[in-house]
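Colleague: The following comprises the amino acid sequence and a computationally predicted model.
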Amino acid sequence: MSVDMLQEKIRKTKNPSVVVFDLLLDHIPPQLLEGTGPAKAYEKLSMDILSALKGYVGAVRFCFVSFALLGTEGLQVLSHLLVEAKRQGYYVLLDAPETLSVPAAANAASILGAKDCIYPCDGLIIPTYLGSDILKAYLPLCSQGKSLFPVVRTANRSASEVQDLLTGGRLVHTALADIVNRHGESLVGKCGYSQVGAVASASAADSLRALRGKYTKLFLLLDGYDYPNANAKNCSYAFDKLGHGAAACAGASIVAAWKESDSSDYLAAALEAAGRMKKNLTRYITVL
């Protein structure tokens, strides 16, 4: 099962980090933009980082929409990066575009279902605040060895305005977690976690404690590790006693680490930032 693969890669690297690649123009070092467009420049940046972190980080994540906004060239770059990440042995996650239930089924078939898919990945991050029919549209992919990570609690600052409201004695995001957990109960892998996991917030410590305590079979992807209000200690509440069952996702703090560096060496800055993230996380957890 795909979730077993993810947990094993984290165990081998002793690194519960996921590097996020969003095609954002301000992440691209100026020297890479000389003589080329943003899509190709970001491809160069990403390829270099993938090669440098091979064997150090076990999982990477790509945002479909951020590449699609640059049109055909952006989607071609996304396809190249997904193929290369798979070739290099990473566990590959892809953020699916938000859509209604009928198009969601078509997305599932085109993004993950076809054997000759041009967007190869191991797990799909899906929006679920539109309701359970979105999740159900993607569930058949689990029988093909793929994992799903429905978004349960987002990391943006104002998420609590809606997602932490009480509804029938539960918070809105835990009500959604109940639905997600119910659909994944029969899909537990050898590692003890379900093929249907969840995306939670790296900055919401109380939420992570509650989610880990109640949903012992949900693998949690912790979004927004590099947001100002997130930290490694908060993330530690999402892991079990073996240091399993969760991974923290960081994008700008690694991919665009050059912006905070005195050097123009974007690759050295990314490596240093990735090392710092691992060190901070493993200060609070030990991956056995």
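Modeller: Here it is on my side, so go on.
Colleague: Tell me which stretches of this structure form helices.
Modeller: 2-13, 38-53, 64-68, 71-87, 101-108, 132-138, 160-163, 172-184, 205-214, 232-236, 252-255, 266-281 (DSSP state H).
Colleague: Let me have those helices in JSON lines, extended by mean neighbour count.
Modeller: Heads up, the C-betas are built off the backbone N, CA and C, glycines and all. Formatted as JSON lines, those follow (neighbours: other Cβ atoms under 10 Å):
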{"stretch": "helix 2-13", "mean neighbour count": "20"}
{"stretch": "helix 38-53", "mean neighbour count": "19"}
{"stretch": "helix 64-68", "mean neighbour count": "18"}
{"stretch": "helix 71-87", "mean neighbour count": "17"}
{"stretch": "helix 101-108", "mean neighbour count": "17"}
{"stretch": "helix 132-138", "mean neighbour count": "19"}
{"stretch": "helix 160-163", "mean neighbour count": "15"}
{"stretch": "helix 172-184", "mean neighbour count": "20"}
{"stretch": "helix 205-214", "mean neighbour count": "17"}
{"stretch": "helix 232-236", "mean neighbour count": "21"}
{"stretch": "helix 252-255", "mean neighbour count": "23"}
{"stretch": "helix 266-281", "mean neighbour count": "19"}
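Colleague: Which of the ones you listed has the lowest mean pLDDT?
Modeller: Lowest mean pLDDT within the helices of the chain: helix 101-108, at a mean of 67.
Colleague: Give me the nearest residue to the residue most central in space within the chain, chain neighbours excluded.
Modeller: The residue lying closest to the centre of the chain (Cα atoms, centre = their mean) is Arg61, at 4.9 Å. Closest residue to Arg61 apart from its sequence neighbours, by Cβ to Cβ, 6 or more residues apart in numbering: Leu93 at 4.0 Å.
Colleague: Can you tell me how far that neighbour is from Leu32?
Modeller: 24 Å (Cβ to Cβ, to the nearest Å).
Colleague: List the buried residues for stretch 235-251?
Modeller: 235-239, 243-251 (16 or more other Cβ atoms under 10 Å).
Colleague: again, but for stretch 14-29
Modeller: With burial defined by 16+ other Cβ under 10 Å, the residues of stretch 14-29 counted as buried are 15-24, 27-29.
Colleague: could I get those residues as CSV with distance to Gly71 and pLDDT?
Modeller: Converted to CSV, the buried residues of stretch 14-29 look like this (distance: Cβ to Cβ, whole Å; pLDDT from 0 to 100):
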residue, distance to Gly71, pLDDT
Asn15, 35, 98
Pro16, 35, 98
Ser17, 31, 98
Val18, 27, 98
Val19, 25, 98
Val20, 21, 98
Phe21, 18, 98
Asp22, 16, 94
Leu23, 11, 92
Leu24, 16, 92
His27, 18, 95
Ile28, 17, 96
Pro29, 22, 96
